[in-house]
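S.K.: structure here, sequence nowhere to be found:
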C-alpha cells in the first residue's frame with residue numbers, strides 16, 4: 001500500500017488570476033495552477049484565502065505606484081488583509097515580465113525564481129519581513145528550507 005506525502009494545509013484556498021491571455025499562456029509554460037498551489041500550500045500553515053494575481057508590467061507599475069509610491073513595476077507585492085494564528089487572507093501580485101527578466105539576469109530558471117517569489121510572497125502574507133537584519137535572516141532561512149523541501153536550491157547562492 002502506498003501513502004502519499006501531504007504537503008501544506010488543505011483548508012487554505014488559493015485563487016490564481018491572470019491579467020490577460022498572454023500572461024496566462026506565459027505562466028502555463030512555467031508552472032501549472034496545481035503546481036503553484038502546491039508551492040503556496042507548502043509555504044502557509046494557516047487556513048484562509050490567498051489570491052495570486054499575475055500581471056503585466058503596466059498593471060504592476062500602477063499598483064506599485066499606488067501603494068508604495070514607487071514608479072516602476074516590481075516582482076512581487078503582498079497585500080495582507082487578515083492574519084491571526086489560524087487564518088490568513090491576502091492578495092499577492094506577481095509582475096510576470098519582471099520575474100522573467102530577473103530570472104534571466106540572475107542565471108536562474110524561471111520556474112525556480114517563480115517558486116522562490118511565491119514562497120517569499122506567502123511568507124510576507126504571514127507577517128514575515130526582511131527590512132531588518134535579524135528578520136531578514138529568519139525569513140531567508142525559512143525560504144531556503146521551504147524551497148529545499150520543494151526540490152529547489154538555495155536562491156541566495158550566487159551562480
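M.R.: Yes, it's here. These figures come from a predicted structure and were not determined experimentally.
S.K.: now the strands for this protein?
M.R.: Taking DSSP state E as the criterion, the chain contains strands spanning 12-18, 47-55, 76-83, 87-95.
S.K.: who wins for proximity to residue 106 among those strands?
M.R.: The minimum distance between residue 106 and the strands of the chain falls on strand 76-83, with 14.6 Å, by Cβ to Cβ. (Glycine included, C-beta is placed from N, CA and C.)
S.K.: just how off-centre is the closest one within its chain?
M.R.: Its chain's C-alpha centre and that of strand 76-83 lie 11 Å apart, by Cα atoms, centre = their mean, to the nearest Å.
S.K.: which stretches of this structure have low pLDDT?
M.R.: Within the chain, the set of residues satisfying pLDDT under 70 comprises 1-10, 158-159.
S.K.: what residue is smack in the middle of it?
M.R.: The chain has residue 118 as the residue nearest its centroid, 1.4 Å off, counting by Cα atoms, centre = their mean.
S.K.: now do the contacts for that residue.
M.R.: Shown in contact with residue 118 (Cβ atoms under 8 Å, 6 or more residues apart in numbering): 36, 39-40, 43, 52, 92, 94.
S.K.: neighbour-wise, which of those leads?
M.R.: Counting neighbours by other Cβ atoms under 10 Å, residue 43 leads those with 27 neighbours.
S.K.: ok so, going back, so which of the strands of the chain gets nearest residue 105?
M.R.: In terms of Cβ to Cβ, the element of these nearest to residue 105 is strand 87-95, at 14.5 Å.
S.K.: can you give me the angle the closest one makes with strand 76-83?
M.R.: Between strand 87-95 and strand 76-83, the angle comes out at 170 degrees (axes from the mean of the first three to the mean of the last three Cα atoms, to 10 degrees).
S.K.: strand 87-95 pairs with which strands, parallel or anti?
M.R.: Counting by DSSP bridges, the strands paired with strand 87-95 are strand 47-55 (parallel), strand 76-83 (antiparallel).
S.K.: give me the phi and psi angles of residue 74.
M.R.: When quoted as degrees, to the nearest 10, the phi and psi of residue 74 stand at phi -120, psi 170.
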